[in-house]
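> fold the following and give me the result.
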Amino acid sequence: MPAVLPGSSTVLVTGVSGFTGIWIARALLEAGYNVHGTVRSASKAQYLKDLFKPHGDKFKSVIIEDTSKPRAFEAAVNDEITAVVHVAAVVHFASAEDKSTVLGPNTDSVLDLMQTILTHGPNVKRFVFMSSAQALLGKPLTHIYTEDDWNDGAVAEVEEKGSQASGQALYAASKVLSERAILSFTKQHEGKIGWDATSLLPVWIFGPIIHECKSLDNLNLSSKILNGFLTTELEATKLNDYASEYIDVRDVADAFVAALKTEEAGGERFILDAGSFTNQNLYDAVYSTDPTISGVPRGDPAAPKFNLPGPFCSPEKAKRVLKLKEFRSLGECAVDSLKSFRERGF
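This is a model prediction of the structure:
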């Protein structure tokens, strides 16, 4: 399918009031797109109206209180929409009593949204889904993941254990099944739909917050985790005993814009990963970026380092096809995040 270029194009962003969705909307507006975004309440719509006031009437909120209900997206999909970015999802790594609290809403909403596009979105040219690197995992630690990998182990765990499966497996399985539902739907309706589908698979998304968040308790999961990293003193033996991956939310937003602008992105998966880090790497990066910052543990810069091979999930395809600029450094991402947390009083 042809690229969806800014100007007269209108992009529907589901979950636009969340941590990542709001940055995607901002990037789209700054690139020249019109943006319609789904929110759950009038108060969230007002917050976004105020935030995006400089963009005038190029942004519009659509209130959908419960996107898990059948035909929920009919209020948002119409002939104005030329692309859809689906971000809205349940993010829940804790153990779930009922697998439907994660698995059902995430997979069912994808199918419902695509069916709505088929029926009510005659001008849609591209569907971009926010999946997750969790949809890739399950191999030995030495494995470098690519877009050819699928976390079939998570799906198997959910099928075997049901509600007793881990929260992480439930979330990962929901992303695997959602991606495969998209592939199945587009193949089943080939010739009937005028759009193609792209999936972006980010690792842990960190970065500054601009969404409405009035307390630390209401902070999105990844930001809570980063805030914990940046404020918790650890024993020396734990400074480098574990490595994680990160990508800055602003780079994720830019990738979504690129996925619309790039014709070759249709029908593809793209991993977004800026690199690996340990807690000590994080502390060192923070003080290297801003030596004046206070309140962040210093750890022990001389402590033995974890042998990091680089990103465990390869972003090379995304960089090549989407022509992405260099991702933000760990230090820039962490310092900007911390400043935004402190501005909110967290």
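
> rest of the way, CA atoms for contacts and neighbours
Fine.

> for the chain, what's the longest helix?
Longest helix in the chain, counting residues (DSSP state H): helix 167-188.

> check the offset of it from the chain's centre.
Distance of helix 167-188 from the chain centroid (CA atoms, centre = their mean, to the nearest Å) equals 15 Å.

> list the buried residues for that helix?
By 16 or more other CA atoms under 10 Å, the buried positions in helix 167-188 come out as 167-179, 181-182, 185-186.

> could you do stretch 225-234 as well?
Neighbour counts over stretch 225-234 (16+ other CA under 10 Å) mark Leu226, Asn227, Phe229, Leu230 as buried.

> against Val296, how distant is the second one?
Right, Asn227. For Asn227, the distance to Val296 equals 10 Å [CA to CA, to the nearest Å].

> also the third one?
Noted for Phe229: a distance of 9 Å to Val296, by CA to CA.

> same check on the last one?
With distances taken as CA to CA, Leu230 is found 6 Å from Val296.

> if I look at these two, which residues touch both of them?
Listed contacts common to Leu230 and Val296 are Tyr283; contacts here mean CA atoms under 8 Å, 6 or more residues apart in numbering.

> touching stretch 175-182 from outside, list them.
The contact list for stretch 175-182 (CA under 8 Å, 6+ apart) reads 106-107, 110-111, 114, 129, 131-132, 134-135, 150-152, 155, 197, 199.

> try 7 Å this time
The contact list for stretch 175-182, computed with CA atoms under 7 Å, 6 or more residues apart in numbering, reads Thr107, Val110, Leu111, Ser131, Ser132, Ala135, Asn151.

> save those as a markdown table, and put in distance to Tyr33 and secondary structure too.
As requested, the contacts of stretch 175-182 are arranged in a markdown table below (distance: CA to CA, whole Å; DSSP: H, G, I helix; E, B strand; the rest coil):
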| residue | distance to Tyr33 | secondary structure |
| --- | --- | --- |
| Thr107 | 28 | helix |
| Val110 | 23 | helix |
| Leu111 | 25 | helix |
| Ser131 | 22 | coil |
| Ser132 | 25 | coil |
| Ala135 | 29 | helix |
| Asn151 | 34 | coil |
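
> and of these, the nearest to Val11?
Within these, the smallest distance to Val11 is 16.5 Å, found for Val110 (CA to CA).

> contacts only, for that closest one.
Contacts for Val110 (CA under 7 Å, 6+ apart) come out as Ser178.

> where in this structure is pLDDT low?
In the prediction, the chain carries residues with pLDDT under 70 at positions 90-106, 306-310.

> 50 instead?
Filtered on pLDDT under 50, the chain yields the residue ranges 93, 95-96.

> all helices for it, in order.
Counting by DSSP H, the chain has these helices, from start to end: 19-31, 42-51, 103-120, 152-161, 167-188, 221-231, 249-261, 279-289, 316-321, 330-343.

> determine how far the shortest one lies from the middle of the whole chain.
To tie it back to what came earlier, the one meant is helix 316-321. How far helix 316-321 lies from its chain's middle: 17 Å, per CA atoms, centre = their mean.

> do stretch 24-38 as well
That offset, for stretch 24-38, works out to 16 Å (CA atoms, centre = their mean).

> which parts of it are buried?
For stretch 24-38, by 16+ other CA under 10 Å, it's 24-29, 32-38.

> start to end distance for it?
13 Å.

> among the buried residues of stretch 24-38, which pair sits farthest apart?
Greatest spatial distance in the buried residues of stretch 24-38: Gly32 and Thr38, 19.2 Å, computed using CA to CA.

> circling back: now the helices of the chain in JSON lines, with distance to Lys58?
Formatted as JSON lines, these follow (distance: least, CA to CA, whole Å):
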{"stretch": "helix 19-31", "distance to Lys58": "7"}
{"stretch": "helix 42-51", "distance to Lys58": "10"}
{"stretch": "helix 103-120", "distance to Lys58": "21"}
{"stretch": "helix 152-161", "distance to Lys58": "40"}
{"stretch": "helix 167-188", "distance to Lys58": "29"}
{"stretch": "helix 221-231", "distance to Lys58": "29"}
{"stretch": "helix 249-261", "distance to Lys58": "16"}
{"stretch": "helix 279-289", "distance to Lys58": "36"}
{"stretch": "helix 316-321", "distance to Lys58": "28"}
{"stretch": "helix 330-343", "distance to Lys58": "26"}
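
> ok, which of these comes nearest Ser8?
The minimum distance between Ser8 and the helices of the chain falls on helix 19-31, with 11.7 Å, by CA to CA.

> taking helix 221-231 as reference, get the angle to the closest one.
Using axes from the mean of the first three to the mean of the last three CA atoms, to 10 degrees, the direction of helix 19-31 lies 100 degrees away from that of helix 221-231.

> can you tell me what sits against helix 19-31?
With contacts defined as CA under 7 Å, 6+ apart, helix 19-31 is touched by 6, 13, 15-16, 35, 87, 209, 211, 220, 249-250, 253-254, 256-257.
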